[in-house]
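Asker: Sequence first, predicted coordinates after that:
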Amino acid sequence: MSDSIIVNRLAGSLGAELTGFKLNDLSDENMGRVKELLLKHQVLFFPEQFLSIDEHVDFGSWFGPLESHPNLDNPFTHHPQVFELAASHGGLADEWHSDLSFQSEPAVASILNMVECPDVGGDTLWTSTYTAFEALSEPMQELCCGLTALHDAAPHGTPDVTAIHPVVRIHPETGRKALFVNEHFTRRVVELSYEESRVLLDYLFSWIAKPRFTVRYRWRKGTIAIWDNRCTQHFVLSDFVQQRIIQRVTVIGDQPSSDSAPRWEPFIRTENQGATSRYDAQLNRHLGRHAVMLESNAKRSSNEKT
Ligand SMILES: [Fe+2]
């Protein structure tokens, strides 16, 4: 019965712990309730579940088709849909991010099983990008709503895997607006010069990390967590010495959308390429204008010689 779910909110912006039931014995009614609670609280925690790999996959499948990780090997679990990260093997994302935002259709949700965790340290923080957006001033909101940003998979060693998304996306199920730039995968704002983009992104990255938008969770072995990647970001604290092993399944994504097209054209440097031109190369490549730029540079160079 859905009334057997006990909900304890953990912070003002987001996060709730759900107890009183087992995820491996969930009725359709309770599953519907869990989905509602995820939309409301954005990240949910289910302590003392101790799910098997198959049960973890089954729970994740309630939320949609699952994907395997596009860039990282999966040498531990050998399950095509379960991605395992062990801190002793360098698997720790200690920068704010939403999972796989460099994809054209980034993950909708991630479901994590804490298999092994240290006695102390290794907490994860989540931030609500709804409340971070809503707390911006109106002029800043308006500016951000007219912009898009380039994301890349450089942290996974593949910087040419790129995608452009709105800086503010609309959640398809709640209709709320959320900031959608993160320090791990977002490289620049498309419509601004690199220098302008750097200032704006640095500001937004620090804004998103304000403690009042966040919740911090102390893990225990056997806890399951699910978060909505469309309206949250997360950050793992690297303040521990013991082993920390997580297993994650990821729900296949959707295309981030906004309520309007970008208000400006992409920023294309037209003057001679100076010392900062390297900052524009990646964007030009993504836009397919690399060849055009080289051609115009060659013409200019040829004219200067004659
Ligand atoms: Fe992550």
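Answerer: Received it, and whenever you're ready, just let me know what you need. Numbering: from 1, shown residues only.
Asker: From the ion, how far out is His56?
Answerer: Distance, His56 to the ion, by CB to the ion, to the nearest Å: 16 Å. C-beta here means a position set from N, CA and C on the backbone, and glycine is covered the same way.
Asker: Give the phi and psi angles for that residue, as a check.
Answerer: phi -60, psi -50 (degrees, to the nearest 10).
Asker: wait, isn't it in contact with Ser110?
Answerer: No - in this structure His56 lies outside contact range of Ser110 using CB atoms under 8 Å: 11.7 Å.
Asker: Common neighbours of the two, please.
Answerer: Val249 (CB atoms under 8 Å, 6 or more residues apart in numbering).
Asker: where does the protein dip in pLDDT?
Answerer: 1-3, 69-78, 88-92, 270-276, 289-306 (pLDDT under 70).
Asker: Domain map for it?
Answerer: 2-251, 268-306 (automatic domain parsing).
Asker: got these as JSON lines, with mean neighbour count and distance to Pro262 columns?
Answerer: Formatted as JSON lines, the domains of the chain follow (neighbours: other CB atoms under 10 Å; distance: least, CB to CB, whole Å):
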{"stretch": "domain 2-251", "mean neighbour count": "18", "distance to Pro262": "5"}
{"stretch": "domain 268-306", "mean neighbour count": "12", "distance to Pro262": "12"}
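Asker: could you dump the ones you listed to a markdown table with distance to Asp259?
Answerer: Formatted as a markdown table, those follow (distance: least, CB to CB, whole Å):
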| stretch | distance to Asp259 |
| --- | --- |
| domain 2-251 | 6 |
| domain 268-306 | 23 |
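Asker: Can you tell me the strand partners of the helix or strand containing Glu17 and which way each runs?
Answerer: Assigned by DSSP states H and E, Glu17 belongs to strand 16-19. Note on strand 16-19: by DSSP bridges, its sheet partners are strand 6-9 (antiparallel), strand 43-46 (parallel).
Asker: who touches the last one?
Answerer: It stands for strand 43-46. With CB under 8 Å, 6+ apart as the test, strand 43-46 has contacts from 10, 14-19, 23, 34, 37-38, 126, 215, 217, 223-228, 232, 234.
Asker: Take those residues and keep only those in helices.
Answerer: Using DSSP state H, the subset of these located in helices is 34, 37-38.
Asker: Nearest to Arg269 among those?
Answerer: Leu38 (43.1 Å; CB to CB).
Asker: Now the closest one: closest residue in space, sequence neighbours ignored.
Answerer: Using CB to CB, 6 or more residues apart in numbering and skipping the chain neighbours, the partner closest in space to Leu38 is Leu44 (5.5 Å).
Asker: still on that earlier bit, distance to Glu196 added to the strands paired with strand 16-19, as CSV?
Answerer: Converted to CSV, the strands paired with strand 16-19 look like this (distance: least, CB to CB, whole Å):
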stretch, distance to Glu196
strand 6-9, 39
strand 43-46, 32
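Asker: can you tell me which residues contact the residue lying closest to Ala87 once chain neighbours are set aside?
Answerer: Spatial nearest neighbour of Ala87, excluding adjacent residues (CB to CB, 6+ apart): Arg244 at 4.1 Å. Arg244 is in contact with 86-87, 92, 116-118, 122, counting by CB under 8 Å, 6+ apart.
Asker: can you pull the contacts of Lys22?
Answerer: Lys22 sits next to Gln49 when contact means CB under 8 Å, 6+ apart.
Asker: Could you check how far the residue nearest the centre of the chain is from Thr250?
Answerer: The residue lying closest to the centre of the chain (CA atoms, centre = their mean) is Ser98, at 0.9 Å. Per CB to CB, to the nearest Å, Ser98 is found 11 Å from Thr250.
Asker: ok so, going back, quick one: contacts for the residue nearest to the centre of the chain?
Answerer: Counting by CB under 8 Å, 6+ apart, the residues that Ser98 touches are 106-107, 129, 180, 182, 185, 229-230, 232-234.
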